[in-house]
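Asker: Here is a sequence together with a model predicted from it:
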Amino acid sequence: MTNLPDYSFQPATLKFLEDSPKKLFINNEWVAPQSGETFATRNPANAAVLAEVALANAADVDAAVAAAQAAFPAWAGMIAGERGALLFKLADLIDQHADVLAELETLDNGKPIRVARRGDLPYVTKHLRYQAGWADKIEGSTVPVTFPNQFVYTRREPLGVVGAIIPWNFPLLMAIWKLGPALAAGNTLILKPAEQTPLTALYLAELAREAGFPPGVLNVLTGPGLPTGAAMAEHAHIAKLAFTGSTSVGARIMEAAAKSNLKRVSLELGGKSPNVIFADSDIPAAIRGAQWAVFSTAGQECVAGTRLFVERGVYDQVLEGLTANVGKMVVDHGFAEKVHVGPLISAEQLERVAGYIDEGKKAGAEILAGGERLGDGLKDGYFLKPTVFSYSDDSLRLVQEEIFGPVAAVTAFDDEDELIARANATQYGLAAGVWTRDIGKAHRYAHAVQAGTVWINGYGMIDPAAPFGGYKMSGFGREMGKEAIDLYTQVKTVWVNTQ
Ligand code: NAP
Ligand code: MG
């Protein structure tokens, strides 16, 4: 392998890349794509090609759907605990291969290896095991109806073939958020990873086969939104499409669902989350929290706290502390000895983010830190310095639109009413944060802010037991917790005449 960073990779990582997985995983077999086409996935740290992978077209989607349909009755009818046991076994295998998966994740996505190893991978198995545990606990209820001599009960049944389309920022974790509850509940699955980060999903497929999942239960199709993702969204025999990605693509998926078979849709979309620092908070902790709320994963996180509201009395103090901290963040490739911020995912993303920065400067927002690309040894990669803007005009594009890069926009506020009005003045509603020692104020904000998740004196925690999803144009449906099982099941009501 050429162009790999200087790092002692696991032999299995190198072998996986050398074998260049040019095939699709359908019915527990690696099959050549009917499209006859492949595409390259790159390392965002140096733009080098890591591997060629198969491009699935509509015919490949048909083949995967046929396999998943054929597998569905037996999988749905299996004793639920046996489905759970297979998911637990998959989690064990992921643990055993965690080093390889973390290296592949860092190569494909760019994130620091420390983050992949200590963040992504442990979360992957924690979430998978949590959902595996639900498999044999999915219950219905008995219903006290008004008719005499009728015994009425409900069952929660799986939907059938589920399609999962996911983004590139947490490739394996996003896959598991959908795979876990979908398979635990008895559905079969077709997973399409993002075209920028297909490697860990392909590796996962092989682990699923090793775990002993029956053929057709999990299928992995690599390919871009067009044609692969669109063919899934339009497919008449996919019963549900679970999507994480941008709001614009989410809207297209709903449209395709409406026009095909009214497939169920759940959407985890973009965000422009407000994070608030009140003057009475633990200011150093709040600054650190605000810093990581934006700059972890180079800002490429749907919950990133990209709009920072600071109470006027501590505004200068917070700006000073934040810019000092941000100036010390090390931007480098993910395998570097010391690195806080890795590259952006692609050249397109780098251009997009740089465009927002240039426009923000022209529109009158003041740049306090960062804003530049990196030269020297990193010039081939998609690197950008963590950037802090201060602003007062809420209508700026960089304040309203999701940038999905390392850009924080900071503003001052004077009172709670103003704060709530401004915090809620975007189309998004994914997450929000607040830092204060006043418990009443914290809860007032938490109740008034339009967001699916609110963190008080913290930011960014995600747990398999805690429901997660959006308000407004950040989407609908709740992943994690019991709610995730509800997303992948439907309720049947059974009436029994006991007369
Ligand atoms: P994206 O362009 O919407 O892509 C997401 C997925 O959809 C990818 O697999 C993509 O395929 C696929 N896709 C693109 N066009 C499609 C179409 N017409 N039909 C079906 N599928 C299609 O988003 P992204 O830029 O990769 O990811 C960043 C976005 O995801 C951000 O907006 C972020 O907020 C959001 N996100 C949300 C959450 C959450 O939990 N709410 C989590 C992470 C990210 P290809 O990329 O392979 O072409
Ligand atoms: Mg890649």
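Answerer: Everything's here; your move. Ligands and ions are numbered 1, 2, ... in the order given.
Asker: which residue does the stretch 301-450 of the chain bring closest to ligand 1?
Answerer: With CB to the nearest ligand atom as the measure, Cys302 is the residue of the stretch 301-450 of the chain nearest to ligand 1, at 3.1 Å. All C-beta atoms are positioned from the backbone trio N, CA, C, and that covers glycine.
Asker: now the stretch 1-150 of the chain
Answerer: Closest point on the stretch 1-150 of the chain to ligand 1, by CB to the nearest ligand atom, is Phe39, at 9.3 Å.
Asker: Do you know the pLDDT at that residue?
Answerer: For Phe39, the pLDDT comes out at 97.
Asker: my guess is it meets Gln196, correct?
Answerer: No - at 10.3 Å, Phe39 and Gln196 do not qualify as touching, with contact defined as CB atoms under 8 Å.
Asker: who has more neighbours, these two?
Answerer: Each of Phe39 and Gln196 has its neighbours counted (other CB atoms under 10 Å); Gln196 has more, 20 against 16.
Asker: Can you name the residues that contact the more buried one?
Answerer: 41-42, 44, 108-109, 168, 345-346 (CB atoms under 8 Å, 6 or more residues apart in numbering).
Asker: Likewise for Ala102?
Answerer: Ala102 is in contact with 113, 116-117, 120-121, counting by CB under 8 Å, 6+ apart.
Asker: could you redo the last one with a cut-off of 10 Å?
Answerer: Ala102 makes contacts with 10, 13, 111, 113-122, 124, 172, 200, 334, as judged by CB atoms under 10 Å, 6 or more residues apart in numbering.
Asker: same check, this time on Ala354
Answerer: Shown in contact with Ala354 (CB under 10 Å, 6+ apart): 344, 371-373, 382, 384, 387, 405, 407.
Asker: what about the strands in the stretch 301-450 of the chain?
Answerer: 307-311, 366-369, 387-390, 407-413, 431-435 (DSSP state E, counting those that start in this stretch).
Asker: can I see the domain layout of the chain?
Answerer: Listed by automatic domain parsing, the domain ranges of the chain are 11-269+475-493, 274-467.
Asker: distance of the residue most central in space within the chain from ligand 1?
Answerer: The C-alpha lying nearest the average C-alpha coordinate of the chain belongs to Met174 (CA atoms, centre = their mean; 4.6 Å). According to CB to the nearest ligand atom, to the nearest Å, Met174 stands 7 Å off from ligand 1.
Asker: Which residues are in contact with that residue?
Answerer: Contacts of Met174 by CB under 10 Å, 6+ apart are 120, 124, 164-168, 191, 193-194, 197, 201, 242, 244-245, 268, 302, 479.
Asker: got a markdown table for the domains of the chain, with distance to Leu4 too?
Answerer: Putting the domains of the chain into a markdown table (distance: least, CB to CB, whole Å) gives the following:
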| stretch | distance to Leu4 |
| --- | --- |
| domain 11-269+475-493 | 8 |
| domain 274-467 | 9 |
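Asker: about what we covered before: any idea which of the contacts of Ala354 is the one closest to Glu483?
Answerer: Each of the contacts of Ala354 was checked against Glu483 using CB to CB; the closest is Gly405, at 30.2 Å.
Asker: Glu157 against Phe72, yeah?
Answerer: No - contact criterion CB atoms under 10 Å: Glu157 and Phe72 do not qualify, at 11.3 Å.
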